[in-house]
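Need coordinates for the below:
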Amino acid sequence: MNPQLHTIHKAAVQSIQSYGAFVELEGFHQHALLHKSQMSTMKVENPEDIVAVGDQVFVKVISAEEGGKLSVSMKTISQTDGTDSDPTHIVTEQDKMRKRKVGGRDSHRLELGAVLNTVCSKCGVQGHFAANCFAAASDKKYSIVDAEGNDVNADSSDE
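Take a look at the predicted model:
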């Protein structure tokens with residue numbers, strides 16, 4: 001029997017690696033990976049700064065893969081009494097989304113055409129939003145130039 005997702009367990013640190021620690025969940029006699037990114041809300045360079053072999057820690061199951069591979073986290077779990085400061089699992093879900101974006105597979109890119117095709121309502125120049133308008137701060141007008149240095153807005157500008 002495997003522990004359920006998002007459940008909290010007491011665990012003993014079995015070994016420490018450069019990328020995290022392996023812990024054995026109490027009552028399951030099953031090892032789980034406690035990645036160093038899941039040890040604290042702060043960046044952890046060396047897992048040995050946080051845990052030592054034999055330490056008893058409270059962990060939350062954040063991932064259960066086929067074949068019995070488990071990932072656990074200490075990030076939102078009080079190490080004094082095992083209470084979860086993230087009972088709705090929002091932090092866990094945000095971490096998953098952030099992880100996907102780093103890989104680049106699910107990231108959405110901003111199309112520059114969406115900005116370049118806009119016309120500023122303050123100065124009338126194409127290529128920026130009114131909130132980013134430099135003309136609002138002074139009487140200077142700015143325009144977009146192409147690679148050859150020609151004013152792209154020369155026909156629409158009334159300078």
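
what about the helices in the chain?
90-103, 112-116 (DSSP state H).

Which of the ones you listed has the lowest mean pLDDT?
Among the helices of the chain, helix 112-116 carries the lowest mean pLDDT, at a mean of 52.

Just give me the neighbour total for N150.
Neighbours of N150 under the rule other C-beta atoms under 10 Å: 9. For glycine as for every other residue, the C-beta is placed from the backbone atoms N, C-alpha and C.

gap between the closest residue to A52 other than its chain neighbours and V53?
Nearest residue to A52, sequence neighbours excluded (C-beta to C-beta, 6 or more residues apart in numbering): V13, at 6.6 Å. As for V13, its distance to V53 is 5 Å (criterion: C-beta to C-beta, to the nearest Å).

of those two, who's got more company?
More crowded of V13 and V53, by other C-beta under 10 Å: V13, with 19 against 12.

Touching, the residue nearest to A52 and V57? I think so.
Yes - counting by C-beta atoms under 8 Å, V13 does reach V57; the two are 6.6 Å apart.

Provide a list of residues in contact with V72.
Contacts for V72 (C-beta atoms under 8 Å, 6 or more residues apart in numbering) come out as H9, A11, V23, L25, A32, L33, L34, Q38, V59, K60, V61, I62.

Quick one: end-to-end length of stretch 72-81, please.
Stretch 72-81 has an end-to-end distance of 17 Å (C-alpha to C-alpha, to the nearest Å).

buried stuff in that stretch?
For stretch 72-81, burial by neighbour count (16 or more other C-beta atoms under 10 Å) applies to V72, S73, M74, K75, T76, I77.

Settle this for me: the third one is touching A32, isn't it.
No - under the criterion of C-beta under 8 Å, M74 makes no contact with A32, lying 11.4 Å away.
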